[in-house]
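K.L.:
got a structure for you, letters missing:
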DNA sequence: GCGGCCATTGTTAACGGTCACAACAGGCGC
DNA sequence: GCGCCTGTTGTGACCGTTAACAATGGCCGC
């Protein structure tokens, strides 16, 4: 910076002013400084700046396995929006979804002096691990349920209702459900949407099967569903589990949608090419990420966040659902 | 730090020594300082440290869509290994795979003064965008082909050979190939492995079909393959495209593996539950990530990297392949 | 023509660590 | 017993930037 100042024939403070776009700098000086910056290829030192401003311009992201479609999509949205807002993104992948591992991940980010933390781990068990942090630094939790640090969410309940209603409308007497793991917000919300719609239609409520999002757990749930002869429609809480169902039914010689209809949730890039192409509910994860950034930046700046409602998911009807015969 | 020093009754310099685990500190003093640190909940300021050491302890990662299975897995490995090595990971997702977008992403990371950059974008077109950077800061490129900044790679050629050989061994006269996008290292390497094995077996070499990794491109390639009546075996460069093939064949009433055998590459969590369960080649992406960290940390420290050979992928035989009839 | 105000620019002191070097003590060899 | 060396601790400067405040000059109003 000293070199730039010398080349432009001004003081280092004036250079700083130009760099930060402050007013009270004459146009001629501003231009001279900018030329000097370009000529020397000067880059401000973020550490020195952070040292005095107490802002690292870095956001921490803690995420469950980024191999999952949802978190990965959210991360993409976060990365893009953060960059546009001038922030860096420091990512830590959780090696397990529990308090211990959550604490250690957040601790790591706090050591980096991040200006805010975004948590992509919509699980009840981590909420308490996170609670203490929110007092230290702004914190946003994707899909969080309770008011506190909740934010950016998709209308899970609405999506689940639409999916269930779709099956009911086709004429199915009721709809079975393979839920995601206990304590996961999305899983709980989808159960509740499914339940609401069933009640509204005065349909009998079958026992809920519990999966863990994986195709294998869907497959296992499928095997158990086959033991009940009266099931004609299943709503799975995500597409991977829905795939497991398709596989289980296929193996048992049950036709989808001939004998059983299946609906998923997420709309993976793969889902359109399943056998049969899967009817599902599409979610805009990138938008979730963008909203996280908007929210946390607002909280850091102390401005009011752009209050946006829930993101509405979109039902995609393909070939895995039909009227019962 | 001043507070810690005062509480422990030593100078700030001694505190610094304890924090950095330097020798020449008596046990009693060390213990006193550590107690003071714990008592005050003191955390060193990374910016101040970086300002003088010129090391931010942050690694930059530029990745193509983290929604893809490979990059996501590599990122997980990177995140975990980096944390263990005491580094932070700053991630930027590429919005397009071209020079322009690559330059801007790397520029963003350089502004963060990262100590090194890892590029997960194994595409020829970005190599040149990256070339200049390597002089500024250590840079590691996943799966890179040419010696320069290459590193951590999976034996793509070997994997492709094994896949092709598997089909040949089953008795197929030859094997068709749906490759990944032109200029992608993995795609090129898999073509070359496939070709090598075909030549070794004196099998005729069918025209190569080009996909873009997506299920849809696989589906379209499948439609074209159906126009050639003599194809009995196809090797797809990834599982998503293989899924597209399965779909196309299914629609056309061709049985897999009865009429046509299909092999993929990657082993997605879903692949085991495809219709039929997909024979494929499993890759250990997390290991790729870990090696990236080992390599770049070594390069930063100026020590010699732990020279490890290529990672050997593993063939997983399921139900999508059989002898021709 | 002079005082006061505003816009522009410069000067100095932080921010919180580490580095270089000095100071001090104790043990050893001669 | 003296000097030297080694191991431990303290002192000041410095990293590169922004904050706070001082200084300068031009314009306006009276």
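P.N.:
Now that the structure is in, tell me what you want to look at. Keep in mind it's a predicted model, so treat the numbers as computed, not measured. Numbers count the residues shown, from 1 in each chain, chains lettered A, B, ... in the order given.
K.L.:
would you mind listing what in chain A touches DNA strand D?
P.N.:
With C-beta under 7 Å from any atom of the strand as the criterion, chain A meets DNA strand D at residues A:1-2, A:12-13, A:16, A:19-20, A:43-45, A:48-49, A:51-53. For glycine as for every other residue, the C-beta is placed from the backbone atoms N, C-alpha and C.
K.L.:
the residues you listed: which two are farthest apart?
P.N.:
Using C-beta to C-beta, these span at most 19.5 Å, a distance reached by A:2 and A:53.
K.L.:
please parse chain A into its domains.
P.N.:
A:2-44, A:54-152+A:285-310, A:156-283 (automatic domain parsing).
K.L.:
I'd like those domains laid out as TSV, including mean neighbour count and mean pLDDT.
P.N.:
As requested, those are arranged in TSV below (neighbours: other C-beta atoms under 10 Å in any protein chain shown; pLDDT from 0 to 100):
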stretch	mean neighbour count	mean pLDDT
domain A:2-44	14	89
domain A:54-152+A:285-310	20	88
domain A:156-283	21	96
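K.L.:
so which of the ones you listed gets nearest DNA strand C?
P.N.:
Closest of the domains of chain A to DNA strand C is domain A:2-44, at 3.3 Å (criterion: C-beta to the nearest atom of the strand).
K.L.:
can you give me the end-to-end distance of the closest one?
P.N.:
11 Å (C-alpha to C-alpha, to the nearest Å).
K.L.:
and that domain, anywhere near DNA strand C?
P.N.:
Yes - Domain A:2-44 lies within reach of DNA strand C by C-beta under 7 Å from any atom of the strand, at A:9-14, A:17, A:23-26, A:28-29.
K.L.:
now, which of the residues you listed sits nearest residue B:115?
P.N.:
residue A:12 (26.1 Å).
K.L.:
name the nearest residue to the closest one, sequence neighbours excluded.
P.N.:
residue A:5 (4.4 Å; C-beta to C-beta, 6 or more residues apart in numbering or on different chains).
K.L.:
host element of the one you found?
P.N.:
According to DSSP states H and E, residue A:5 maps onto helix A:2-8.
K.L.:
list of residues touching that helix?
P.N.:
A:11-12, A:14-15, A:29, A:32-33, A:35-37, A:39-40, A:42 (C-beta atoms under 8 Å, 6 or more residues apart in numbering or on different chains).
K.L.:
in helices only, show me these.
P.N.:
Among the contacts of helix A:2-8, the members falling in helices (DSSP state H) are A:12, A:14-15, A:29, A:32-33, A:35-37, A:39-40.
K.L.:
circling back: between which two of the contacts of helix A:2-8 is the distance greatest?
P.N.:
The widest separation within these (C-beta to C-beta) is 18.1 Å, between A:11 and A:39.
K.L.:
TSV please, covering the domains of chain A and showing distance to residue B:137.
P.N.:
Below are those laid out as TSV (distance: least, C-beta to C-beta, whole Å):
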stretch	distance to residue B:137
domain A:2-44	12
domain A:54-152+A:285-310	15
domain A:156-283	34
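K.L.:
quick one: the strands in the stretch 201-325 of chain A?
P.N.:
A:209-210, A:233-236, A:261-263, A:280-282, A:314-316 (DSSP state E, counting those that start in this stretch).
K.L.:
with distance to DNA strand C added, can I get those strands in JSON lines?
P.N.:
JSON lines is the format used below for these (distance: least, C-beta to the nearest atom of the strand, whole Å):
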{"stretch": "strand A:209-210", "distance to DNA strand C": "47"}
{"stretch": "strand A:233-236", "distance to DNA strand C": "50"}
{"stretch": "strand A:261-263", "distance to DNA strand C": "54"}
{"stretch": "strand A:280-282", "distance to DNA strand C": "47"}
{"stretch": "strand A:314-316", "distance to DNA strand C": "49"}
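K.L.:
quick check, central residue of chain A?
P.N.:
residue A:74 (4.2 Å; C-alpha atoms, centre = their mean).
K.L.:
pull up the residues of the stretch 1-150 of chain A that are close to chain B.
P.N.:
Counting by C-beta under 8 Å from any C-beta of the partner chain, the stretch 1-150 of chain A comes close to chain B at A:43, A:45-48, A:50-51, A:56, A:58, A:61, A:65-67, A:69, A:72-73, A:75-76, A:79-80, A:83, A:88-93, A:95, A:108-113.
K.L.:
can we see that at 6 Å?
P.N.:
A:46-48, A:50-51, A:66-67, A:72-73, A:75-76, A:79, A:83, A:88-93, A:108, A:112-113 (C-beta under 6 Å from any C-beta of the partner chain).
K.L.:
A helix includes residue A:92, no?
P.N.:
No - Residue A:92 is assigned strand when assessed by DSSP: H, G, I helix; E, B strand; the rest coil, not a helix.
K.L.:
show me the contacts for it.
P.N.:
A:62, A:105, A:108, B:79 (C-beta atoms under 6 Å, 6 or more residues apart in numbering or on different chains).
K.L.:
is it in a bridge, and if so with what?
P.N.:
For residue A:92, the beta-bridge partners are residue A:62 (DSSP bridges).
K.L.:
separation between it and residue B:237?
P.N.:
32 Å (C-beta to C-beta, to the nearest Å).
K.L.:
hang on, residue A:79 packs against residue B:93?
P.N.:
Yes - at 4.1 Å, residue A:79 counts as touching residue B:93 under the criterion of C-beta atoms under 6 Å.
K.L.:
for DNA strand D, what's its nearest residue on the stretch 201-325 of chain A.
P.N.:
residue A:301 (13.8 Å).
K.L.:
gap between that residue and residue B:90?
P.N.:
On the measure of C-beta to C-beta, residue A:301 and residue B:90 end up 21 Å apart.
K.L.:
please apply the same query to residue A:256.
P.N.:
With distances taken as C-beta to C-beta, residue A:256 is found 45 Å from residue B:90.
K.L.:
follow-up on the earlier one: what's the farthest-apart pair in the residues of domain A:2-44 next to DNA strand C?
P.N.:
Every pair of these checked by C-beta to C-beta; the farthest is A:9 and A:23, at 20.7 Å.
K.L.:
which one is residue A:141 nearest to, not counting chain neighbours?
P.N.:
residue A:119 (4.5 Å).
K.L.:
what about the one you found, which helix or strand?
P.N.:
Using DSSP H and E, the element containing residue A:119 is strand A:116-120.
K.L.:
got it, and residue A:196?
P.N.:
helix A:185-200.
K.L.:
run through who's touching that helix.
P.N.:
So helix A:185-200 is contacted by A:122, A:143, A:145, A:156-157, A:160-161, A:164-165, A:177, A:179-181, A:205, A:235, A:237 (C-beta under 6 Å, 6+ apart).
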